[in-house]
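**Q** this is the structure alone, sequence omitted:
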DNA sequence: ATTTATTATATCAAATTTGAAATAATAGTC
DNA sequence: GACTATTATTTCAAATTTGATATAATAAAT
């Protein structure tokens, strides 16, 4: 049986999480915009930069975009010359998105400044506190994912 | 001078935060949808239920909606019979959004089930860990807000 | 009393996201 | 090899969000 106070605490946690997340996101979104991108585009740039060429559906699952949304954002970035599509050799259903030279130069120039902006956004915590926060968030997130998969598989 | 490792830690924190938040949000969005609302509508219902009638611009600033967005969502909820607009007596620029009887009944019926769904989403943590997480998130969020206001005022 | 600045809401077009097909390729089974 | 199920991407319309501007009311200053 679930105690009532515990549910109340969970709801409180979620309100605090939502508020804190949006405060931090404000910095992030503002920084993206300053560099001429929306958050989705920026996330794609970062993903391709850090992880290399990605299958379109991987982009979707990592950034929580539906398939149509991936097509949309990639189209735009291709039009801007930041990204190219590369069909997979072994599976003709699959298409990779890959940074162009221009895309790489762009993100390399922006990334450090963006990082400083974000660093400022979380400057309320000491390194030790950040470490603790990372642990708790990971633990919470992992279980949320697990539970969601469990739910989804029950359909 | 900022040490490089600290920035890296901050970036790591932000990645973990984003991922953890979206894992939890998946539960929240799914729950809203199950009850026939999108997250924005649900948030408005909850806000009006917990805080009573709100000025439209208060709704906007709390839920991070631009004024056009507030008009849009309130229009829809008025059309659904969940909310009414009430002009302010003392300031004719101001309009309040207020739950109708139907709106109140709806949220009262949904809220407990929604709360249980969310409680499940954060079940990876013990009450003590939740308490600690709340503290850290609050501290981080407060400073992020302060810094953002500081930035904004410098324009 | 006018003027000026600020605040609140609405309007509207453009950008973005969502969700439901449609299309095409692969994998597994018989 | 034909049949069925699954996976990947695109297409398209509808829903939602964003951003700029318009309208109206209040507040502050002269």
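**A** All right, it came through fine. Note that this is a predicted model, so its numbers are computed, not measured.
**Q** list the buried residues in the top helix by length along chain A.
**A** If you go by DSSP state H, chain A has its longest helix at helix A:4-34. By neighbour count on 16 or more other C-beta atoms under 10 Å in any protein chain shown, the buried set for helix A:4-34 is A:7, A:9-11, A:13-14, A:16-29, A:31-32. Backbone N, C-alpha and C define where each C-beta goes, glycine included.
**Q** then stretch A:108-117?
**A** A:110, A:111, A:114, A:115, A:117.
**Q** near chain B, anything from the helix or strand encompassing the first one?
**A** Looking back up the chat, that one is residue A:110. Assigned by DSSP states H and E, residue A:110 belongs to helix A:101-121. Yes. For helix A:101-121 and chain B, the contact criterion (C-beta under 8 Å from any C-beta of the partner chain) is met by A:115, A:116, A:118, A:119, A:120, A:121.
**Q** any idea which of these is closest to residue B:106?
**A** residue A:121 (36.6 Å; C-beta to C-beta).
**Q** next one: the nearest residue to the closest one once chain neighbours are set aside from DNA strand D, what distance?
**A** Of all residues not flanking residue A:121 in the chain, residue A:27 sits nearest, at 3.6 Å (C-beta to C-beta, 6 or more residues apart in numbering or on different chains). Here residue A:27 is placed at a distance of 14 Å from DNA strand D (C-beta to the nearest atom of the strand, to the nearest Å).
**Q** same question, residue A:106
**A** With the distance defined as C-beta to the nearest atom of the strand, residue A:106 ends up 20 Å from DNA strand D.
**Q** now that residue. Nearest residue, chain neighbours left out?
**A** residue A:82 (6.3 Å).
**Q** what's the closest of the residues of helix A:101-121 next to chain B to DNA strand C?
**A** The shortest approach to DNA strand C among these belongs to residue A:118, at 18.7 Å (C-beta to the nearest atom of the strand).
**Q** isn't the closest one right up against residue A:26?
**A** No. If you go by C-beta atoms under 8 Å, residue A:118 and residue A:26 don't touch, sitting 11.2 Å apart.
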